[in-house]
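Asks: Structural data only, the sequence is not supplied:
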């Protein structure tokens with residue numbers, strides 16, 4: 001029955017099995033398309049950053065080399081985070 005069936009059952013709503021099956025298939029096909037796009041782009045050496053919502057969220061959370069420094073032993077050490085402008089305004 002899937003997630004949609006469980007959510008509808010918890011709400012006391014009866015959803016036809018065909019609708020549940022189609023929605024589950026749509027989610028699966030979307031997942032396969034995103035995975036295929038990312039794999040082919042990576043193989044071709046292109047950054048796979050054209051997926052709406054997902055690409056933007058990943059770019060915000062992925063660490064980059066400029067976020068780190070190399071210490072005297074050659075290890076990567078995270079740089080201290082910059083404080084928000086809100087903190088400076090509160091001090092004034």
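Replies: Perfect, I can see it now. Here the structure is a predicted model, which is why all the values come from computation and not from measurement. Numbers count the residues shown, from 1 in each chain.

Asks: use CA for all of it now, contacts and neighbours both
Replies: Will do.

Asks: Which strands and helices lie in contact with the lengthiest helix in the chain?
Replies: Counting by DSSP state H, the longest helix found in the chain is helix 17-43. Judged by 3 or more Cα pairs under 8 Å, 6 or more residues apart in numbering; DSSP states H and E, the packing partners of helix 17-43 are helix 2-11.

Asks: if we go to 6 Å?
Replies: If contacts are counted by 3 or more Cα pairs under 6 Å, 6 or more residues apart in numbering; DSSP states H and E, helix 17-43 sits against no helix or strand.

Asks: next SSE after that helix?
Replies: helix 54-61 (DSSP states H and E).

Asks: got the contact list for that next one?
Replies: Under the contact criterion Cα atoms under 6 Å, 6 or more residues apart in numbering, helix 54-61 has outside partners residue 49.

Asks: Name the residues of the helix or strand just after that helix that come out as buried.
Replies: Tracing the chain past helix 54-61, the next element assigned as helix or strand by DSSP H and E is strand 68-70. By neighbour count with 16 or more other Cα atoms under 10 Å, strand 68-70 contains no buried residues.

Asks: mean confidence score for the helix or strand that strand 68-70 is followed by?
Replies: Counting by DSSP H and E, the next helix or strand C-terminal to strand 68-70 is strand 76-78. In this model, strand 76-78 has an average pLDDT of 85.

Asks: helices or strands up against strand 76-78?
Replies: strand 68-70.

Asks: just to revisit the earlier point, angle of the longest helix of the chain against helix 54-61?
Replies: 60 degrees (axes from the mean of the first three to the mean of the last three Cα atoms, to 10 degrees).

Asks: Flag every buried residue along helix 17-43.
Replies: 20, 24, 37, 38.

Asks: Leaving aside the residues adjacent along the chain, what's closest to the last one?
Replies: The one in question is residue 38. Of all residues not flanking residue 38 in the chain, residue 48 sits nearest, at 5.3 Å (Cα to Cα, 6 or more residues apart in numbering).

Asks: surely the one you found meets residue 40?
Replies: No - Residue 48 is beyond contact range of residue 40, at 8.6 Å (criterion: Cα atoms under 6 Å).
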